[in-house]
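In: How does the following fold in three dimensions:
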Amino acid sequence: MSRKLHEKARHLLSQERQILPLPEFKDRGGELSIALAYPNRYYTAMSNLGFQAVYWLFNQAPGTVCQRAFLPDPEDIPEYRRTETPLFSLESQQPVRSFHILAFSVSYENDYPHLLTMMDLAGIPLLRKDRGESSPLVLAGGAAIMMNPEPLADFVDFFVIGEAEEIIGSLTETLRKGRQAGLPREALLSHLTGLEGVYVTRSYTPTYKADGTIESFTPQEGFPPRVKKAWLKDLNASVTVSPIVTPNTELSNMLLLELSRGCRRGCRFCAGCYSYFPHRHRDAGLLAKAAVQGKGSAQKVGLVGAAISDYPEILPLGREILQEQIPLSFSSLRVDSLSPELADLAFQSGQRTITLAPEAGSERMRRIIKKGFTEEAILGAAETLAERGFKHFRLYFMVGLPEEGREDVKAIIDLARKIQHHALVKSPGKKKPEKITLSLNSFVPKPGTPFQWHPLEDLSGLNEKIRMVKDGLRKERNISVTADLPKWAYLQNLLSRGDRRVGKLLLAAHKLGGNWPQAYRSVDLNPDFYVYRGRPFEEILPWDFIDGGVKKEYLWKEYQAALLEGKESAAC
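Out: Predicted coordinates:
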């Protein structure tokens, strides 16, 4: 055991401040013990509202105690291995493998490899078939899992598909009673049959055709052919707020507060819109009360939602919170619902950097992805913000979108210059914008969206488009361009749209220390099959067994409408 690692954990714990009541873990036992793990560092995890909310919900369940675990910082992993210290929980520093359940909260596909790292450090067999009665049951849930859990199916005993508020009560009760009855792990997994939103992996068997596509996906007797996503019908039944604030995180000392779930806009690329369908929002009175409750412990309130400026009561809510002397933070504002009053509210909160997401440079591309606003609206938003003295702008764009051509990429350069010009013209006095950061991301088609059938653009094409934008803006002194690496978009696409066989690549990459090119060569599986291949409507997709509430036929109709728009506008 490493004293250094334990002292670091105690230091992190000592700097946390509770917003919502949590148990004293030293004096509290539990009929069901859960290690809630986030497959990334503490610094990242504690900025994730979903992870924090699930932690609080588990600890409200009768007879249940939940503690947290994190991927160690890179400099600490050698210390774990050198001292043979097993991965432990933050609260009591107990080995993760001693808990009844190891629950992963997974928001991003590129964190999938970290699940294996954490299980390895914990001394838990990686493959579910190799785990016995002494190992905890491993479950996973979260935003990425809701879309497609299959690449992790060989490592995870069961998945939670949907929203935690709707599942955790029945899940913990079933597991707790099963343990009280002395059920072995396989019987306990069978006991989960019938729980909405629970997917027991060993109870479903895929078969494959000679061409590599899925032939069938068959459940065992008693299990439903499709797993229905669980979702919270009344968002006012609970307020999703971070129960803990800490300075040791990306969003330092910030209380996170969820305004809404889903989005009414229906952008064709957006997983958040379709995964969290239908769109719902909370009552402003409940939100204001939660914000005031955090006063004194948090230095700022961060408003969370897919389209914050679309929230119908954003102005009265923001003003009420500001009257309590609590500054606000807006993650991103939609340009066509950005009013002068909302810009004033953000500025009064002390915010000086604003994020806008045009996503595409040309109106043609914005019609294809159904973004739904004009260049005039974008420039009008830039002027509104500049008039109020905002000095930094962050702009989000994607390259590699369906039907995108070189002229569409050039339009990103032109639009960035126009935004810069309009912001400069409208800035009061000498308070000119100091910096515009243009963030470029490679488009990754997501399961459950209209673009789920579309291939990823090849890496050479993505790299060329990124170079075009960088070269085109190189002489603009006030504009800096940052871009992701397309090779990571390739990996994200593989893990996002892969089937159960992709788990072989995950395991190989883990054994090879994260060397993905070598992993691709070592496994008899062509990753391009999942990444670069367009898929017909008739093909069974790895995630088709999930009933997310949106019909596949509707998604296909939207996809075809996008392709038709691209062909017609290109012809013009």
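In: Quick one: residues contacting residue 178.
Out: By C-beta atoms under 8 Å, 6 or more residues apart in numbering, the contact set of residue 178 is 187-188, 191. C-beta here means a position set from N, CA and C on the backbone, and glycine is covered the same way.
In: could you point out which element follows whatever helix or strand residue 217 lives in?
Out: Per DSSP states H and E: residue 217 is located in strand 214-219. Note on strand 214-219: by DSSP H and E, the next helix or strand toward the C-terminus is strand 227-228.
In: Adjacent strands (with direction) for that next one?
Out: strand 546-547 (parallel) (DSSP bridges).
In: Pull the residues that contact the lowest-mean-pLDDT helix or strand in the chain.
Out: In the chain, the helix or strand scored least confidently by mean pLDDT, DSSP states H and E is helix 552-571, which has a mean of 87. Residues outside helix 552-571 that contact it (C-beta under 8 Å, 6+ apart) are 266, 268, 274, 364, 367-370, 402-403, 405, 448-454, 537, 544.
In: same thing but at 6 Å, please
Out: With contacts defined as C-beta atoms under 6 Å, 6 or more residues apart in numbering, helix 552-571 is touched by 268, 364, 367-368, 402-403, 450, 453, 537.
In: in which helix or strand would I find the residue found closest to residue 109 once you drop the neighbours it is linked to in the chain?
Out: Nearest non-adjacent residue to residue 109, counting by C-beta to C-beta, 6 or more residues apart in numbering: residue 495, 4.0 Å away. Using DSSP H and E, residue 495 falls within helix 486-497.
In: now do residue 249
Out: Using DSSP H and E, residue 249 falls within no helix or strand.
In: cool, residue 172 as well?
Out: Residue 172 belongs to helix 164-180, assigned by DSSP H and E.
In: model confidence over that helix, on average?
Out: Mean pLDDT, computed over helix 164-180, is 96.
In: who's in contact with the helix or strand that that helix is followed by?
Out: Next along the chain after helix 164-180, taking DSSP H and E as the criterion, comes helix 185-190. The contact list for helix 185-190 (C-beta under 6 Å, 6+ apart) reads 133, 178, 200.
In: re earlier: now find how far off-centre the strand holding residue 217 is within its chain.
Out: 28 Å (C-alpha atoms, centre = their mean, to the nearest Å).
In: Also stretch 57-69?
Out: 22 Å.
In: buried ones in that stretch?
Out: For stretch 57-69, burial by neighbour count (16 or more other C-beta atoms under 10 Å) applies to 57-61, 63-69.
In: Stretch 232-247 now?
Out: 232, 235, 238-246.
In: same deal with stretch 283-294?
Out: For stretch 283-294, a neighbour-count test (16+ other C-beta under 10 Å) marks 284, 286-288, 290-291, 294 as buried.
In: can you check stretch 180-187 too?
Out: So, applying 16+ other C-beta under 10 Å, buried residues of stretch 180-187: residue 185.
In: Then stretch 553-566?
Out: 555, 558-559, 562-563, 565-566.
In: just to revisit the earlier point, what's the offset of the least confident helix or strand of the chain from the middle of its chain?
Out: Using C-alpha atoms, centre = their mean, the offset of helix 552-571 from its chain centre is 26 Å.
In: Can you pull the domain assignment for this structure?
Out: Split into domains by automatic domain parsing, the chain comes to 3-228, 234-331, 346-369+395-571.
In: helix/strand/coil for residue 265?
Out: coil (DSSP: H, G, I helix; E, B strand; the rest coil).
In: Look up the pLDDT of it for me, please.
Out: 91.
In: ok, it to residue 356 distance?
Out: 15 Å (C-beta to C-beta, to the nearest Å).
In: Tell me how far residue 262 lies from residue 273.
Out: 6 Å.
In: Let me fix that, I meant to ask about residue 104.
Out: 24 Å.
In: quick one, which of these two is more surrounded?
Out: Ranked by neighbour count (other C-beta atoms under 10 Å), residue 104 and residue 273 place residue 104 first, with 28 against 22.
In: then the helix or strand where residue 9 lies to PDB, C-alphas only?
Out: Here residue 9, judged by DSSP H and E, is contained in helix 3-14. Provided in PDB are the C-alpha atoms of helix 3-14 (Å, rounded to 0.1, in the frame of the first residue of the first chain):
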ATOM      1  CA  ARG A   3       1.000   6.100   1.900                       C
ATOM      2  CA  LYS A   4       1.600   8.800  -0.800                       C
ATOM      3  CA  LEU A   5      -1.400   7.800  -2.800                       C
ATOM      4  CA  HIS A   6      -3.700   7.600   0.200                       C
ATOM      5  CA  GLU A   7      -2.500  11.000   1.400                       C
ATOM      6  CA  LYS A   8      -3.300  12.500  -2.000                       C
ATOM      7  CA  ALA A   9      -6.800  11.100  -1.800                       C
ATOM      8  CA  ARG A  10      -7.400  12.500   1.700                       C
ATOM      9  CA  HIS A  11      -6.100  15.900   0.500                       C
ATOM     10  CA  LEU A  12      -8.600  16.000  -2.300                       C
ATOM     11  CA  LEU A  13     -11.400  14.900   0.000                       C
ATOM     12  CA  SER A  14     -10.500  17.600   2.500                       C
END
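In: Which of the helices or strands spans the most centrally placed residue in the chain?
Out: By C-alpha atoms, centre = their mean, the mean C-alpha position of the chain lies nearest to residue 107, the distance being 3.5 Å. Element membership for residue 107 (DSSP H and E) is empty, with no helix or strand holding it.
In: hang on, isn't it packed against residue 141?
Out: No. With contacts counted by C-beta atoms under 6 Å, residue 107 stays clear of residue 141, the gap being 10.2 Å.
In: hmm, back to that, hmm, which of the contacts of helix 552-571 are the buried ones?
Out: Neighbour-count burial (16+ other C-beta under 10 Å) is assigned, among these, to 268, 364, 367-368, 402-403, 450, 453.
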